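# next one to model:
(chains A, B, C and D)
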There are 2 protein chains.
Amino acid sequence: MGRKLDIGELLRQQPVFREMSDELLQRLAAVAIQVRAAKHQLVFRRGEQATGIYIVATGHVKLAIPSPQGQEKVIEFFRPGQIFGDAVMFLDRPYLVDAEALEDSLLIWIDKHHLYEAIDHEPALARHLLVSLSQRLHFLMQDIESVNLQTSTQRVVSWLLRQPRRATDAGTQTSFAVSKNLIASKLGLTPETLSRVLHQLRIAGLIQVEGRDILIHDADALEQCMAG
Amino acid sequence: MGRKLDIGELLRQQPVFREMSDELLQRLAAVAIQVRAAKHQLVFRRGEQATGIYIVATGHVKLAIPSPQGQEKVIEFFRPGQIFGDAVMFLDRPYLVDAEALEDSLLIWIDKHHLYEAIDHEPALARHLLVSLSQRLHFLMQDIESVNLQTSTQRVVSWLLRQPRRATDAGTQTSFAVSKNLIASKLGLTPETLSRVLHQLRIAGLIQVEGRDILIHDADALEQCMAG
DNA sequence: CGTTTGGTTGAGAGAACTCAAGGTTCGTGG
DNA sequence: CCACGAACCTTGAGTTCTCTCAACCAAACG
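Next up is the predicted model:
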């Protein structure tokens, strides 16, 4: 009982379900399942069949394509409120990617059939899902653009400029939410190349790097070096 | 009057609207707009605002990211029955890509507001759109995988093997629906590289190339060379 | 029949990768 | 609190794959 109330609360906190009627939400809460994933734990693997969707309640999850040679290609990171695993579910296909918790995370899992039922009764939910999928399609297109027609420096710079940053006295600051290894993979670079690019930018006096924190002295100047 | 009936017919032929009630379909037909696009004509350009979706009735359309240096990156091709321009519409963002007709094409355009209304009344439509978006998300992920962790040969081979083919006496045959230039761009290669890869495969006795037709002698053997 | 468009082939260059070693940071257990 | 090991990151040297540039060929088309 207490557990179900818990899930109802959790669901209500998610943007996807915010506009949903109490009745429907309770119906979903009754069938939604809490999934705890410890840091480094795989939520699902490439090749497994998808029978529902995941919503991140707390934590951080990464989607990546594994490769036989051991290296992997990071596709995306998911934060609280975001949905993943939906595309393959709608297609009835096996996962293309591994999903791994980057820190201890709490996920909500909803079965396909219950989700479909909810969609049929709640157009707002359908809209949310459409927006969520669109969002990711959009990001993926940007990634494809970046990998296909930009140099390593351009990729890093445009990525830096796209990150949320806060102002400081010496410029604006941003920081990597994850290891540089993962950032490199996300950008389609090797860790070595990312390191070298950051070095160049530092030498050029454009940024300052301290661990995972990056200080951008002059965003406009950075933007300039996208051209060269 | 005749024109509206026309559109109703057209709509009914599209998988997206197949399960729709006659009433709703007629309402959509009343507001749907036929768009004719001549070969090489741009349907929309990167940067323009999206206020509706397109459905291909007849013809062939390509989505590509333009690049300042003139080269472009082909993202996807669309055939009759397929929808495009929906992702940016749901996000209220400007197009990321150019859409160009590869041959004289007939498109159906539906305004955002009317589409939303239809979604709200017809869950089946929402599902179709979800599947359509999922499909493309899936393809895009495969493309990212291909560009990031495969060599030029692997990309070409896996693409060849993914194409629909028909059996012949000397193996299975497939053919490029578009120029090799566009295929190369879709695969993230230069035309030169694609040409060279096809040459190698021909030398190796794995395929036979004649214009846009490719004869695959031994699909299994081809698959083998994905490893090396 | 010239012109354009699409495709092939060759030679050379360059950007990012691989491999290898060294340095940091961080967490953990002594 | 320090010491040690394991990740994580950086730096260097050399290689390789794909691209660029350029010429040439073939087919399509007016």
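# relative to B:V61, how far out is the most centrally placed residue in chain A?
In chain A, the centroid-proximal residue (Cα atoms, centre = their mean) is A:F77; its distance is 2.4 Å. Separation of A:F77 from B:V61 (Cβ to Cβ, to the nearest Å): 32 Å. (C-beta placed from N, C-alpha, C; glycine too.)
# quick check: domain ranges of chain A?
A:7-137, A:150-227 (automatic domain parsing).
# need those in CSV (columns: distance to chain B and mean pLDDT).
Formatted as CSV, the domains of chain A follow (distance: least, Cβ to the nearest Cβ, whole Å; pLDDT from 0 to 100):
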stretch, distance to chain B, mean pLDDT
domain A:7-137, 4, 95
domain A:150-227, 5, 94
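# most packed of those?
domain A:7-137 (a mean of 18; mean count of other Cβ atoms under 10 Å in any protein chain shown).
# how about that one, does it get close to DNA strand D?
No. Domain A:7-137 stays clear of DNA strand D (Cβ under 7 Å from any atom of the strand), getting no nearer than 9.1 Å.
# can you get me the start-to-end distance on that domain?
Across domain A:7-137, the terminal residues are separated by 29 Å (Cα to Cα, to the nearest Å).
# next: stretch A:63-78.
8 Å.
# helix/strand/coil for the residue nearest to the centre of chain A?
Secondary structure state of A:F77, per DSSP: H, G, I helix; E, B strand; the rest coil, is strand.
# return the residues in contact with it.
By Cβ atoms under 8 Å, 6 or more residues apart in numbering or on different chains, A:F77 lies in contact with A:H60, A:V61, A:K62, A:L63, A:L102, A:A177, A:V178, A:K186.
# and the domains of chain A: which comes nearest B:R36?
When the domains of chain A are compared by Cβ to Cβ, domain A:7-137 sits nearest B:R36, at 26.8 Å.
# gap between that closest one and the chain center?
11 Å (Cα atoms, centre = their mean, to the nearest Å).
# likewise stretch A:179-187?
The chain centre lies 13 Å from the centre of stretch A:179-187; the measure is Cα atoms, centre = their mean.
# which outside residues touch it?
Contacts of stretch A:179-187 (Cβ under 8 Å, 6+ apart): A:62, A:64, A:71-77, A:102, A:143, A:146, A:152, A:155-156, A:159, A:176, A:190-191, A:193-195, A:212.
# tell me the angle the longest helix seen in chain A makes with helix B:123-149.
Of all the segments assigned as helix in chain A under DSSP state H, the longest by residue count is helix A:123-149. For helix A:123-149 against helix B:123-149, the angle by axes from the mean of the first three to the mean of the last three Cα atoms, to 10 degrees is 20 degrees.
# helix A:123-149 close to DNA strand C?
No. Shown here: helix A:123-149 not in contact with DNA strand C (Cβ under 7 Å from any atom of the strand), separated by at least 9.4 Å.
# quick one on the thing from earlier: if the residue nearest to the centre of chain A is in a bridge, with which residues?
A:K62 (DSSP bridges).
# residue contacts, the residue lying closest to A:V88 once chain neighbours are set aside?
The shortest distance from A:V88 to any residue other than its chain neighbours is 4.3 Å, reached at A:A50 (Cβ to Cβ, 6 or more residues apart in numbering or on different chains). A:A50 is in contact with A:F44, A:G85, A:V88, A:M89, A:D92, A:R93, A:P94, A:Y95, A:K112, counting by Cβ under 8 Å, 6+ apart.
# just send these back as JSON lines, with distance to DNA strand C too.
JSON lines is the format used below for these (distance: Cβ to the nearest atom of the strand, whole Å):
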{"residue": "A:F44", "distance to DNA strand C": "26"}
{"residue": "A:G85", "distance to DNA strand C": "28"}
{"residue": "A:V88", "distance to DNA strand C": "27"}
{"residue": "A:M89", "distance to DNA strand C": "32"}
{"residue": "A:D92", "distance to DNA strand C": "34"}
{"residue": "A:R93", "distance to DNA strand C": "28"}
{"residue": "A:P94", "distance to DNA strand C": "26"}
{"residue": "A:Y95", "distance to DNA strand C": "24"}
{"residue": "A:K112", "distance to DNA strand C": "37"}
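# for chain A, which segments count as strands?
A:33-37, A:42-44, A:52-58, A:61-66, A:72-78, A:83-84, A:98-101, A:105-111, A:166-168, A:171-175, A:207-210, A:213-216 (DSSP state E).
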